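>>> Let's see this in three dimensions:
(2 chains)
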Amino acid sequence: MVPPLRKIGSNVWEIPRDYKPCMKVPARIFASDSLMEKMRNDLTLEQVANVACLPGIYKYSIALPDAHQGYGFPVGGVAAVDASSGAISPGGIGYDINCGVRVLRTDLKIDDVKPKLRELVDAIFKLAPAGVGETGHVKLQVGELDRVLNEGVAWAIGKGYGWSEDQERIEQNGSWDYADASKVSQRAKERGRGELGTIGSGNHFIEVQAVERIFDEKVAKAFGIDEVGQVLIMIHSGSRGLGHQVATDYIRIAEGKIRQWGLVLPDRELVSMPVNTREAQDYLHAMAAAANYAWTNRHLLMHWVREAFRSVFNKDPDKLGMRVVYDVAHNIAKLEEHDVEGQRRSVWVHRKGATRAFPAGRPEIPKVYRDIGQPVLIPGSMGTGSYILVGAATSMDLTFGTAPHGAGRQLSRSAAVRMLPPSKVKSALEGRGIVVRSAESEIISEEAPEAYKDVDSVVETADALGLARKVVRTRPIGVVKG
DNA sequence: ATGTGC
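Numbering: from 1, shown residues only, chains lettered A, B, ... in the order given. Below you'll find the model as predicted:
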């Protein structure tokens, strides 16, 4: 059955609350007409209606312009639940806990990098391994992983990876004190021990990009971006096997308790845990530990990128101006204060494939950006381009301060492998001056630009709605993929 | 996303 859909405004759609008896609020979908057409092809709409059944959910369940079907809960989905009477859904955070994006600026221009591009991409590929199960160049001593889980980026900086000033430009300084390593299983720790500083697979990547267009010079400048042709680095990765195991462990625990808790699920994949249960608290502490791991992973990847630049350009990374612009997650739940129907509420906001996009003034934003709004980092698909936006006040009321996270798939991985031979995809990219290195050729097919929705239309829709405002568009020149 | 499927 197709959910009933009402268009209630420009780029705004609603599935009414009476569609399913379990819905506590309506579902709201933010999408242009053409993006909505793509969402009708899978279970996205059914899933966003199911999310509206979560205990303690406020206002409406949300699907963003790039939403597509996920495990129980759309990728590109948002749900805010009451912090004491609501329920946490691990599937509403996702298997890749605290997956996100970090961008570095440099003083280099595209012409400085072009002649050395292949060498640079090879150096990054060597230092920052990509691919499923790949291990990294940092060997953790016994007990050291627990410190990573409890302390995050602060641990890495103490060990000499990165610069202390990096922390100022990472969401939550890359160190979440809610973390408790003792809530992470031994199995998860075993999987995570060797994987720090690795890219992973799927849509994860490190890209060398060039600024293609600046929409807002003042804000761009505040972000450290001065001109067209300036070289940026974008790192997209997450918590690897460790986060995946944490999600698997707690989804299994929740499944075993559903009856006891008296929950009725619209979809067996949408398990949830009442916030006030021991199990939910354990999950949140483990989730925060996995978040620290993901931030530390991106931090080490950044360290290796700086080292790759050092070796290729024979210059210190600080002399190359390789400063962090920002690091932001798009698979996480956060405890936040929001105005809901005139009341200030404490809520856990699930953002799955969705980027926090807070406007100027919010206390969560680093001091350096507090008067501007937070950078919103939106990677496009391989070979197309990416965006940096800035948080806008309008998003607080519309989406609990959330913007989309990327282009979103439009072809399944298997369909992409059938339709798009890797050699053709690669030569098309090389023909446009983009150097690509991948651990596995199949990934090149799965991640081909044609397999994704158009990032430009996703960003246009977000900008038009006021979910965030466009600042910079980049285009890739070098890509390292799983 | 994932030592990729229970």
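
>>> how near is the closest residue to residue A:258 other than its chain neighbours to residue A:254?
In space, and not counting its chain neighbours, residue A:258 is closest to residue A:271: 6.1 Å by Cβ to Cβ, 6 or more residues apart in numbering. For every residue, glycine as well, the C-beta is placed using N, CA and C. As judged by Cβ to Cβ, to the nearest Å, residue A:271 and residue A:254 stand 4 Å apart.

>>> Check residue A:314 too.
For residue A:314, the distance to residue A:254 - Cβ to Cβ - is 53 Å.

>>> who's more crowded, those two?
Between residue A:314 and residue A:254, counted using other Cβ atoms under 10 Å, the more crowded position is residue A:254 (23 against 7).

>>> State the three-state secondary structure for residue A:107.
strand (DSSP: H, G, I helix; E, B strand; the rest coil).

>>> Counting neighbours, what do you get for the nearest residue in space to it that is not next to it in sequence?
The spatial neighbour of residue A:107 that comes closest, neighbours along the chain excluded (Cβ to Cβ, 6+ apart), is residue A:321 at 3.5 Å. By other Cβ under 10 Å, the residues close to residue A:321 number 14.

>>> wait, doesn't residue A:321 sit right on residue A:109?
No - using Cβ atoms under 8 Å, residue A:321 makes no contact with residue A:109, being 11.3 Å away.

>>> what residues are up against the residue nearest to residue A:258?
Contact analysis of residue A:271 by Cβ atoms under 8 Å, 6 or more residues apart in numbering lists A:72, A:89, A:90, A:91, A:251, A:254, A:255, A:258, A:263, A:265.

>>> Look up how far DNA strand B lies from it.
14 Å (Cβ to the nearest atom of the strand, to the nearest Å).

>>> ditto for residue A:400
23 Å.

>>> Touching, that residue and residue A:337? I think so.
No - at 10.5 Å, residue A:400 does not count as touching residue A:337 under the criterion of Cβ under 8 Å.

>>> list residues touching both of the two?
Common neighbours of residue A:400 and residue A:337, counting by Cβ under 8 Å, 6+ apart, are residue A:347.

>>> Which one of these two is surrounded by more residues?
Applying other Cβ under 10 Å to residue A:400 and residue A:337 shows that residue A:400 carries more neighbours, namely 26 against 13.

>>> what's around residue A:412, how many residues?
What residue A:412 shows, counting by other Cβ under 10 Å, is a neighbour count of 14.

>>> do the same with residue A:160
8.

>>> Can you check which residues contact both of residue A:271 and residue A:254?
residue A:90.

>>> all helices for the stretch 351-482 of chain A, in order.
For the stretch 351-482 of chain A, the helices defined by DSSP state H, counting those that start in this stretch occupy A:394-399, A:413-419, A:422-431, A:441-446, A:455-465.

>>> and the last one, what does it pack onto?
When contacts are defined as 3 or more Cβ pairs under 8 Å, 6 or more residues apart in numbering; DSSP states H and E, helix A:455-465 packs onto strand A:27-30, helix A:33-39, strand A:61-68, strand A:375-378, strand A:386-391, strand A:402-404, strand A:468-481.

>>> rank these by mean pLDDT and give me the bottom one.
Of all those, mean pLDDT reaches its minimum on helix A:33-39 (a mean of 93).

>>> next SSE after that one?
helix A:44-51 (DSSP states H and E).

>>> ok and the residue in the stretch 151-300 of chain A nearest DNA strand B?
The nearest approach of the stretch 151-300 of chain A to DNA strand B comes at residue A:202, 1.8 Å away (Cβ to the nearest atom of the strand).

>>> could you list every residue that touches the residue nearest to that residue when sequence neighbours are not counted?
Closest residue to residue A:202 apart from its sequence neighbours, by Cβ to Cβ, 6+ apart: residue A:482 at 6.1 Å. If you count contacts by Cβ under 8 Å, 6+ apart, residue A:482 has them with A:130-132, A:134, A:199-202, A:204-205, A:438-440, A:443.

>>> Residue A:441 now?
Contact analysis of residue A:441 by Cβ under 8 Å, 6+ apart lists residue A:422.

>>> Now with 10 Å, please.
A:421, A:422, A:423, A:425, A:426 (Cβ atoms under 10 Å, 6 or more residues apart in numbering).

>>> circling back to that earlier point, in JSON lines: the contacts of residue A:271, plus pLDDT.
Converted to JSON lines, these look like this (pLDDT from 0 to 100):
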{"residue": "A:72", "pLDDT": "96"}
{"residue": "A:89", "pLDDT": "98"}
{"residue": "A:90", "pLDDT": "98"}
{"residue": "A:91", "pLDDT": "97"}
{"residue": "A:251", "pLDDT": "97"}
{"residue": "A:254", "pLDDT": "97"}
{"residue": "A:255", "pLDDT": "96"}
{"residue": "A:258", "pLDDT": "95"}
{"residue": "A:263", "pLDDT": "94"}
{"residue": "A:265", "pLDDT": "94"}
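
>>> From these, list just the buried residues.
Buried members of the contacts of residue A:271, scored by 16 or more other Cβ atoms under 10 Å, are A:72, A:89, A:90, A:91, A:251, A:254, A:263, A:265.

>>> mind checking the backbone torsions on the third one?
When you say that, I think you mean residue A:90. Residue A:90 adopts backbone torsions of phi -60, psi -30, taken as degrees, to the nearest 10.

>>> what's the answer for the second one, then?
For residue A:89, the backbone dihedrals (degrees, to the nearest 10) come out as phi -110, psi 110.
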